[in-house]
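Q: Coordinates only, no sequence provided:
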């Protein structure tokens, strides 16, 4: 029996070896290299020397870095909250018996399926200072008198990139929450109706508690995707105007590749890790609550 268990254990290790190799090569090694570069003055074409926390001390006094931190937090929090609210509403709507429900679900997925760069180019035309369809429509309706400078004004640029991210992210939230809604037993709703619960009470005391673990996972991935967003910002604004839309990811790229300061760019990337860990902990505690609901121990 012991030989059989040992052979099974050895076989399981062999099956895990390819996945472990991929993780080490494409995740662990780049992460370790990035952390190491953050402690060096490496530049493109030069390996650099170990300088300790000098890059982080310099970033602490860099106003552009703190502006990028503010932009990243604002971008992530605003987009994630709105994506969750609209995605939950859309999921509740699609959970009803609607005509052409399968077609509607496929249409909802389109913004998520389209490549990010193509979406960004489309929004770049929508926000164009001279040919914007939004400004043209508002002028025809008599609401405004001149074209809106969506990407040239700092406040407008922030709002514009947030809106573009929301459009792309809603399908992921909606479809995932819809899958969670379909796992809730109908008997719970029937019992709530018999007890005289209103639609709001059914949502508050049945739907929302049962969706809590799904919401935790969805919001974690939504925050991770939004916090590390790069393509959308880089294509639309490249961090402008006046660094108003620079996120930590785009600033890290700008300092490391076009700027040539690999160590400084790596330090900015490493500074993103605490925020990402906070999102992972959010998901962990959400799953722990699910275990508590099912009678498991913490």
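A: Alright, I've got the coordinates. Every value quoted in this text rests on a predicted model; they were computed, and no experiment measured them.

Q: can you pull the contacts of the spatially most central residue of the chain?
A: The centroid of the chain falls nearest to residue 225 when counting by Cα atoms, centre = their mean (2.2 Å). By Cβ atoms under 8 Å, 6 or more residues apart in numbering, residue 225 lies in contact with 169, 172. Using the backbone N, CA and C atoms, a C-beta is placed for each residue, glycine as well.

Q: Let me see the ranges of the strands in the stretch 1-150 of the chain.
A: For the stretch 1-150 of the chain, strands defined by DSSP state E, counting those that start in this stretch do not occur.

Q: Where does pLDDT dip in it?
A: 1-9 (pLDDT under 70).

Q: so who does residue 271 touch?
A: 56, 59, 69, 248.

Q: change it to 7 Å
A: By Cβ atoms under 7 Å, 6 or more residues apart in numbering, residue 271 lies in contact with 59, 248.

Q: cool, residue 116 as well?
A: Contacts of residue 116 (Cβ under 7 Å, 6+ apart): 168, 231, 232.

Q: try it again with 8 Å
A: Residue 116 neighbours (Cβ under 8 Å, 6+ apart): 168, 231, 232, 235.

Q: Let me know the secondary structure of the residue nearest to the centre of the chain.
A: With DSSP: H, G, I helix; E, B strand; the rest coil as the basis, the three-state label of residue 225 is helix.

Q: how far away is it from residue 68?
A: Residue 225 sits 18 Å away from residue 68, taking Cβ to Cβ, to the nearest Å as the criterion.

Q: now swap in residue 142 and tell me
A: 39 Å.

Q: Which one's more surrounded, those two?
A: residue 68 (25 against 7; other Cβ atoms under 10 Å).

Q: Go ahead and confirm that one touches residue 247.
A: Yes: when contacts are counted by Cβ atoms under 8 Å, residue 68 is listed as touching residue 247 (6.1 Å).

Q: List the buried residues in the longest helix along the chain.
A: For the chain, the helix with the greatest residue count under DSSP state H is helix 63-94. Neighbour counts over helix 63-94 (16 or more other Cβ atoms under 10 Å) mark 65, 67-69, 71-72, 75-76, 78-80, 82-84, 86-88, 90-91, 94 as buried.

Q: go on, stretch 118-133?
A: Buried-residue list, stretch 118-133, by 16+ other Cβ under 10 Å: 119, 120, 123, 124, 126, 127, 132.

Q: likewise stretch 152-167?
A: Going by neighbour count (16+ other Cβ under 10 Å), the buried part of stretch 152-167 is 153, 156, 157, 158, 160, 161, 162, 163, 164, 165, 166, 167.

Q: average pLDDT for that stretch?
A: Averaging pLDDT along stretch 152-167 yields 94.

Q: Give me the residues contacting it.
A: Applying Cβ under 8 Å, 6+ apart, the contact partners of stretch 152-167 are 71, 74-75, 78-79, 82-83, 86, 111, 119-120, 123, 127, 129, 148-151, 226, 229, 232-233, 236-237, 240-242, 244-245.

Q: for stretch 187-207, same thing?
A: 92, 181, 184, 210.

Q: host element of residue 184?
A: Using DSSP states H and E, residue 184 maps to neither a helix nor a strand.

Q: residues near the closest residue to it other than its chain neighbours, how many?
A: Using Cβ to Cβ, 6 or more residues apart in numbering and skipping the chain neighbours, the partner closest in space to residue 184 is residue 210 (4.8 Å). A count of nearby residues for residue 210, using other Cβ under 10 Å, gives 18.

Q: now the helix or strand containing residue 210, how far from the centre of its chain.
A: Applying DSSP H and E as the criterion places residue 210 in helix 208-227. Helix 208-227 sits 10 Å away from the centroid of its parent chain (Cα atoms, centre = their mean, to the nearest Å).

Q: Please point out which parts of that helix sit buried.
A: Buried, per 16+ other Cβ under 10 Å, within helix 208-227: 210-211, 213-220, 222-227.

Q: swap in stretch 259-267?
A: Neighbour counts over stretch 259-267 (16+ other Cβ under 10 Å) mark 261, 262, 263, 264, 265, 266, 267 as buried.

Q: Go through these and flag which are in helices.
A: Reading helices off those with DSSP H, I get 262, 263, 264, 265, 266, 267.

Q: Mind putting these into CSV with pLDDT and distance to residue 30?
A: Compiled in CSV, these are given as follows (pLDDT from 0 to 100; distance: Cβ to Cβ, whole Å):
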residue, pLDDT, distance to residue 30
262, 91, 13
263, 92, 15
264, 92, 17
265, 93, 13
266, 93, 10
267, 94, 15
